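**Student:** give me a model of this one.
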Amino acid sequence: MRALFNLLFFPGGLFLIVLALAYEWADRKLLARFQNRIGPRWFQTVADIVKLLVKEEITPATSHPVLFGVLPVVAMAGALTAALYVPLLGLPSAFSFPGDLIVTLYLLSLLTMSIGMAGWNSTSRFTMMGATRALTQLFSYEAPFMLALLGPAVVAGSWQISQIVATNQGPWLLLTQPFGFVVAVIGLMGKLEMPPFDAPKAKTEIVAGALTEYSGRGLGLFHLGKEMELVVGLTLIAALYMGGIANPLEFFGKTLLLLVVLSSLHAILTRLRIDQTVGLWWRYGAVAVLLQWLAMIVWKGVTA
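**Tutor:** Residues are numbered from 1 along each chain as shown. A predicted model of the protein is given here:
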């Protein structure tokens, strides 16, 4: 019964959905204020998702119907499952086991892989182009993002999130691992296809990219999965790099601070071409994290 409660209500299920919609509203409101607009009202995100979920879903004749319907569920399930292993709102995670950090990182990749498969499941030129860009971008940012989040694990000597957080309580690791923190934050933007890494869904070029053929419930589930991944990603970065867990109000403030940073970058940066994303930024991001790893190994060897 406890496992079912954790999955359906807290920290997964209904609680994560509400939290994801709240973070989405905060992101949209911050972006609007940065652009000198008023932004959405407090219930707008709820109204948007309800509207999508009750709309008719049309399955293209050229798509595999089972795959078309399953992929949005898989994308959302990945974010829901990942939430069980991270300390949402600074509270202990519902489940914990050795190596759960690796599992969480792979679960966070399910959304992009599902979006890519959704695009390839259609013969539309827009969806196939969006899928190609999404998967190309995935291979570009996944290695730097993973290396950045494994940095605190190396310091703690464990791959278990709860042990890493317990070991790294105190001074913020972003002060000693600044490259890893920056790459982790920008990597999360790439995972969520936030500007300037929104080439896979560039509206002015390929309509909605891989999700062009989706409507109604399927589009709503993909949308929810992306907002849940935002919450899980912010929680993971705050727990690993910003002093571990704390009381819920303080930890909530840390994640909101990260959200302000993401919204600020969203407002001031313009879209990168897919070749710029692959050929420039992520190459240097991976090198920066590897140099930081080398510095940590040398330092541990000197102090041993």
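**Student:** Val207: what's it in contact with?
**Tutor:** Residues near Val207 by Cβ atoms under 8 Å, 6 or more residues apart in numbering: Phe126. Bear in mind the C-beta positions are built from the backbone N, C-alpha and C, glycine included.
**Student:** for Phe181, same thing?
**Tutor:** Ala148, Leu173, Leu174, Ile237, Tyr241.
**Student:** the closest residue to Ile274 other than its chain neighbours: how many residues sit nearby?
**Tutor:** Excluding the flanking residues, the one nearest Ile274 by Cβ to Cβ, 6 or more residues apart in numbering is Ala199, at 4.6 Å. As a burial measure, Ala199 scores 25 neighbours (other Cβ atoms under 10 Å).
**Student:** what does Leu230 give?
**Tutor:** Leu230: 25 neighbours (other Cβ under 10 Å).
**Student:** same check, this time on Ala22
**Tutor:** Ala22 is flanked by 15 other residues according to other Cβ under 10 Å.
**Student:** could you report the pLDDT at it?
**Tutor:** For Ala22, the model assigns a pLDDT of 92.
**Student:** and it, what helix or strand is that in?
**Tutor:** Ala22 belongs to helix 13-34 when assigned by DSSP states H and E.
**Student:** can you pull the buried residues of that helix?
**Tutor:** Under the neighbour-count criterion of 16 or more other Cβ atoms under 10 Å, helix 13-34 has 13, 15-17, 19-21, 23-31 buried.
**Student:** give the rounded mean pLDDT of whichever helix or strand comes after it.
**Tutor:** Counting by DSSP H and E, the next helix or strand C-terminal to helix 13-34 is helix 44-54. For helix 44-54, mean pLDDT rounds to 88.
**Student:** got the contact list for helix 44-54?
**Tutor:** Leu21, Ala22, Glu24, Trp25, Arg28, Gly216, Arg217, Leu219, Gly220, His223, Leu224.
**Student:** please redo it, this time with the cut-off set to 10 Å
**Tutor:** 17-18, 20-29, 40-41, 43, 214-224, 227 (Cβ atoms under 10 Å, 6 or more residues apart in numbering).
**Student:** before we move on, the earlier item: most neighbours among the contacts of Phe181, which one is it?
**Tutor:** Result: Ala148 is most packed of the contacts of Phe181 (other Cβ under 10 Å), 30 neighbours.
**Student:** could I get the buried residue list for the host helix or strand of that residue?
**Tutor:** Assigned by DSSP H and E, Ala148 belongs to helix 125-156. Buried residues in helix 125-156, counted by 16+ other Cβ under 10 Å: 126-138, 140-142, 144-156.
**Student:** try stretch 192-208
**Tutor:** 192-202, 206-208.
**Student:** and which of those is nearest Ser162?
**Tutor:** Nearest to Ser162, judged by Cβ to Cβ, of those is Leu192 at 25.1 Å.
**Student:** how much space between that closest one and Ser63?
**Tutor:** 25 Å (Cβ to Cβ, to the nearest Å).
**Student:** again with Ile274
**Tutor:** Taking Cβ to Cβ, one finds Ile274 at 24 Å from Ser63.
**Student:** over to Arg125?
**Tutor:** 14 Å.
**Student:** before we move on, what about Phe222?
**Tutor:** Distance from Phe222 to Ser63, by Cβ to Cβ: 15 Å.
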